[in-house]
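A.B. asks: Give me coordinates for this.
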Amino acid sequence: MTLAIVNVGESHDGSLSGRPIAGDAVVVDGATIAWIGSSSEIAHDDHEVIVDAAGATLIPGLIDSHVHSTFGDYTPRQQTVGFLESYVHGGTTSVISASEVHIPGRPRDVAGVKALAVAAQRSFLDYRPGGMTVHAGSVILEPGLTREDFAELRGLGVRLAKGGFGAFVDARDYIPVVADARSEGIIVMCHSGGASIAGSKSKIDGDLLIEMAPDVAGHINGGPTSLTMEENRRIVAEGRGIALQLVQAGNLRSAIDIAERALEIGDLHRLLIATDTPTGTGVIPLGMLRSMAELASLGPLSPAEVVTASTGNVAAVYGLESGAIVVGAPADLVVLDAPMGCSAGSAYGALELGDIPSVAVVVTQGDIRVNRSRNTPPPMRDVTCRIK
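C.D. replies: As a prediction, the model looks like this:
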């Protein structure tokens, strides 16, 4: 199937600079972006689906790098079925597992945590709830895991690990295990701040994060308990190789402080916007857009920068092909607009006001999954989809 999106207004190609796309139209062939250019060059009869953006905003699909998936589209933490499909209605087209830690009775032995990670990774290879891509299978770091175990996991397709929920008596014992995992090409996210679930005992403070040097400081603004402002200063200034994940389920004041500090030293590329859901905070289908609106209206980030932190930055840290509107990239796309009744005239304007934009259309793997989100108000513009 070929799909064309025409008459795009503002746009973002997913790059760090937040460049608009080179034109106002995108053509999708199959599951990938095939062409970018001018709407005037589009022959409507050549395409099976035409989306007329009517001047609305086009961005890459949002990538939530902190979702506690389990198996299937179900979260036992909130006893909710269908939460991932509902997140697609919030413009999230991909999620990255922050470990399957919420599975009841989860194993804690070496064989068990390895098996859990492999099973989760395998279960989402071809299963896409609501069209979403789920990067699942994040091995929970436990005592006894060795470099050989990580090499085996990497060979089996597991690319993710999560520190902070293991049975280590001393949190400093994570340091060599994180190093072993990273040496085998596994991307490590580490819990930051105080405990978040029953059974967790150790606070992961700023000094430990700097020494541990994970790829990603998970929910660095609190999950839900934040670090001190001094710890924020140190992790931003001294942990330059660590991505800083700002989550909806954390502390907004801390998120703004960290974002300000990162921008002061030119480290926008380290900022990742995520949700850290489902957790005790709940299921938040609009969690990505909520954080984007908060950081663009109350914080230091521009609308283009919050899109960058929700798309291209995440893809760069995790080595994903998505998160960009370029020829050859996966066709995961979102048409946003100012919501009906908003005093702003565009999705970017809505974000600056702190209003959650309307999700008008969501495309994943080249297919329209959402044509008017059930979770946002309708768009200000008359965005239409025509199917032959």
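A.B. asks: Helix, strand or coil: sort out residue 369 for me.
C.D. replies: Under DSSP: H, G, I helix; E, B strand; the rest coil, residue 369 falls in the strand class.
A.B. asks: ok, it - contacts?
C.D. replies: 88, 130-131, 362-363 (Cβ atoms under 8 Å, 6 or more residues apart in numbering). The way it works is simple: take the backbone N, C-alpha and C, and place the C-beta from them, glycine included.
A.B. asks: again, but for residue 219
C.D. replies: 66, 191-193, 245-247, 249-250, 274, 276.
A.B. asks: got the CA coordinates for stretch 129-147 in PDB?
C.D. replies: Provided in PDB are the C-alpha atoms of stretch 129-147 (Å, rounded to 0.1, in the frame of the first residue of the first chain):
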ATOM      1  CA  PRO A 129      -0.700  -4.000  20.000                       C
ATOM      2  CA  GLY A 130      -2.600  -1.200  18.200                       C
ATOM      3  CA  GLY A 131       0.300  -1.200  15.700                       C
ATOM      4  CA  MET A 132       2.800  -0.300  18.400                       C
ATOM      5  CA  THR A 133       6.400  -1.600  18.300                       C
ATOM      6  CA  VAL A 134       7.400  -2.900  21.700                       C
ATOM      7  CA  HIS A 135      11.200  -3.300  22.400                       C
ATOM      8  CA  ALA A 136      10.800  -5.800  25.200                       C
ATOM      9  CA  GLY A 137      13.100  -8.100  27.100                       C
ATOM     10  CA  SER A 138      15.200  -6.100  29.600                       C
ATOM     11  CA  VAL A 139      17.200  -8.400  31.800                       C
ATOM     12  CA  ILE A 140      16.900  -7.400  35.500                       C
ATOM     13  CA  LEU A 141      20.400  -7.200  36.900                       C
ATOM     14  CA  GLU A 142      20.800  -9.700  39.800                       C
ATOM     15  CA  PRO A 143      23.700 -11.100  41.700                       C
ATOM     16  CA  GLY A 144      25.500 -13.800  39.900                       C
ATOM     17  CA  LEU A 145      25.100 -12.500  36.300                       C
ATOM     18  CA  THR A 146      28.400 -12.600  34.500                       C
ATOM     19  CA  ARG A 147      29.900 -11.300  31.300                       C
END
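A.B. asks: what pLDDT, on average, does it get?
C.D. replies: Averaging pLDDT along stretch 129-147 gives 98.
A.B. asks: Just give the nearest non-adjacent residue to residue 80, would you?
C.D. replies: residue 283 (5.1 Å; Cβ to Cβ, 6 or more residues apart in numbering).
A.B. asks: wait, isn't the one you found in contact with residue 84?
C.D. replies: No. Assessed by Cβ atoms under 8 Å, residue 283 is found out of contact with residue 84, at 9.7 Å.
A.B. asks: Between these two, which has more neighbouring residues?
C.D. replies: Taking other Cβ atoms under 10 Å, residue 283 and residue 84 do not tie; residue 84 has more neighbours (28 against 19).
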